[in-house]
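Peer 1: Provide a 3D model corresponding to the input given below.
(one chain, ligands or ions: 1)
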Amino acid sequence: MTSSNPLANKSQAWSALFSEPMSELVQRYTASVGFDQRLWRADIDGSLAHARMLAAQGIIGAQDLADIERGMGQIAGEIERGEFTWKLELEDVHLNIEARLTELVGLAGKRLHTGRSRNDQVATDVRLWLRAEIDGLAALLAAMQRALVELAARHTDTVMPGFTHLQVAQPVSFAHHLLAYVEMFARDAERLADARKRVNRLPLGAAALAGTSYPLDRESVARALGFDGVCENSLDAVSDRDFALEFTACASICMVHVSRLAEELVLWMSQSFGFVDLADRYCTGSSIMPQKRNPDVAELARGKSGRVVGHLMGLLTLMKGQPLAYNKDNQEDKEPLFDTVDTLRDTLRIMAEMCEGIVVKPEAMERAALRGYATATDLADYLVKKGLPFRDAHEAVAHAVKVALREGVDLSQLPLATLQGFHPAIGDDVFEVLTLRGSMNARQVRGGTAPGQVAAQVERHRARLG
Ligand code: ARG
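Peer 2: Got it, this is the predicted structure:
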């Protein structure tokens, strides 16, 4: 049967037109089976949906369909068990599976490709595969958010310095800081869900580029494969990869968020901050400095964001010069796309786990908040409430900070008489606003850091994340 299978040797796959075999180098250069074999399940699912439609439309016979279904069942088993022989000379996942099908079931295998091209086939496979990956990533993003929300729930009253320019600015709760990342990851999840809508369209039926003369029922194939609809233009269907670009852009933004969180963990774990400790299992030692515990996992999460952003640039550049419709350039979409998915998946998993195990050091956070006159704005606001224009209040407080700095004390440690020297409107009620907690409690505005507000946010996220 092998000799009657035109795919048994790929130089014969296209036709008798070719008079010389491919060199080993060209074969290796043009083959994608080394990496695109991971699309095998999507390829089989797509083929089965196509074959069932062909049979329903009377384009192939019922027996052909039964043979194709039986053959594909066997192939799936062989691949799952690691028994399938992938052949470089068969170039890609599509030709490998089709050749094996024909080897197993003969003529029916040769009929499968009716009304189809590898151009619409590969576009379908990648979309099917990516859709499943997006669903997995959405679950991981939810888990990441849950880990942060539960950590936040325990720290609505833990004060830390909020920074601008990495200078102590105003006190915030650790929970409030963590929930900022929850907002970012929630938007990442929204973006991904939105991108999924544009991934979830069926290219099959576009054939090589112009559509096909067979009476295909594209809508039924779309329904069978769970697509929301069909691609409406055959040239567009086989050639554009904007769905992959969009996904990689979403992944890049998400990795940038991860990277910022990772950077903060690295800073917070340093001796200079000492705000948190990361579990040993996420750290490594040094081969020369016995005292070292390095936050390698956080550093790598930060570093791997560069790789995903790089893939986005690679894919954009891949597409920009291509004339319509399909070009072999498109084969180069896979490795960056696969690596983007793998990197984002592993990073989200490990970061969520690591965040669950963070040991928080509230005293160090509080000490740091006390060092930078974080309640100076509160003193200015206090004076405004006593009737001063804000600019005058700002000036009076600047003088107070200068004196406190000289004495090496916090504003709350200056005697009332000294404070009154900066403005006579200052009374002994001033000390409530000068404490870190007084400052935090005062920020009752929606989205502010007051513990009640933050607790309400925790509840909102819990309800949203289920
Ligand atoms: N391996 C190819 C890819 O990934 C499949 C499509 C090939 N189509 C073609 N006309 N050569 O794009």
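
Peer 1: quick one: classify residue 169 as helix, strand or coil.
Peer 2: strand (DSSP: H, G, I helix; E, B strand; the rest coil).

Peer 1: chain neighbours aside, what residue packs nearest to it?
Peer 2: By the measure of CB to CB, 6 or more residues apart in numbering, the closest residue to residue 169 outside its immediate chain neighbours is residue 162, 5.1 Å from it. Bear in mind the C-beta positions are built from the backbone N, C-alpha and C, glycine included.

Peer 1: for the helix or strand hosting residue 192, packing partners?
Peer 2: Using DSSP states H and E, residue 192 sits in helix 174-199. Applying 3 or more CB pairs under 8 Å, 6 or more residues apart in numbering; DSSP states H and E, we find helix 174-199 packed against helix 118-153, strand 159-164, helix 242-269, helix 451-465.

Peer 1: quick one: closest of those to residue 43.
Peer 2: Nearest to residue 43 among those is helix 118-153; the distance by CB to CB comes to 5.0 Å.

Peer 1: ok, so what distance separates residue 305 from the ligand?
Peer 2: Distance, residue 305 to the ligand, using CB to the nearest ligand atom, to the nearest Å: 27 Å.

Peer 1: residue 442 and residue 378 touch, don't they?
Peer 2: Yes. Between residue 442 and residue 378 a contact is recorded at 6.6 Å, counting by CB atoms under 8 Å.

Peer 1: identify the contacts common to those two.
Peer 2: residue 433 (CB atoms under 8 Å, 6 or more residues apart in numbering).

Peer 1: between the two, tell me which one has more neighbours.
Peer 2: residue 378 (24 against 17; other CB atoms under 10 Å).

Peer 1: can I assume that one sits in a helix?
Peer 2: Yes. Assigned with three-state DSSP, residue 378 falls within a helix.

Peer 1: got a list of what it touches?
Peer 2: Residue 378 makes contact with 433, 434, 438, 439, 442, according to CB under 8 Å, 6+ apart.

Peer 1: what do you get if the cut-off is 6 Å, keeping everything else the same?
Peer 2: Applying CB atoms under 6 Å, 6 or more residues apart in numbering, one finds that residue 378 lies in contact with 433, 439.

Peer 1: just the one 5 residues further on next, same as before
Peer 2: The contact partners of residue 383, taken as CB under 6 Å, 6+ apart, are 393, 423.

Peer 1: look up how far residue 450 lies from it.
Peer 2: 21 Å (CB to CB, to the nearest Å).

Peer 1: also residue 118?
Peer 2: For residue 118 relative to residue 450 (CB to CB), the value is 60 Å.

Peer 1: how about residue 360?
Peer 2: Counting by CB to CB, the gap from residue 360 to residue 450 is 20 Å.

Peer 1: and the residue of the stretch 151-300 of the chain found nearest the ligand, what element?
Peer 2: Closest residue of the stretch 151-300 of the chain to the ligand, CB to the nearest ligand atom: residue 208 (7.1 Å). For residue 208, there is no enclosing helix or strand under DSSP H and E.

Peer 1: how near is the nearest residue to residue 407 once chain neighbours are set aside to the ligand?
Peer 2: Closest residue to residue 407 apart from its sequence neighbours, by CB to CB, 6+ apart: residue 414 at 7.5 Å. Counting by CB to the nearest ligand atom, the gap from residue 414 to the ligand is 71 Å.

Peer 1: burial measure for residue 414, as a count.
Peer 2: There are 21 residues near residue 414, going by other CB under 10 Å.

Peer 1: can you tell me how far the residue nearest to residue 175 when sequence neighbours are not counted is from residue 256?
Peer 2: Excluding the flanking residues, the one nearest residue 175 by CB to CB, 6+ apart is residue 152, at 3.8 Å. Here residue 152 is placed at a distance of 21 Å from residue 256 (CB to CB).

Peer 1: more neighbours: those two, which one.
Peer 2: residue 152 (25 against 16).

Peer 1: I'd assumed residue 178 was in contact with that one.
Peer 2: Yes. Using CB atoms under 6 Å, residue 152 is in contact with residue 178, at 4.3 Å.

Peer 1: re the thing from before, got a pLDDT number for the residue nearest to residue 407?
Peer 2: Predicted confidence (pLDDT) for residue 414: 93.
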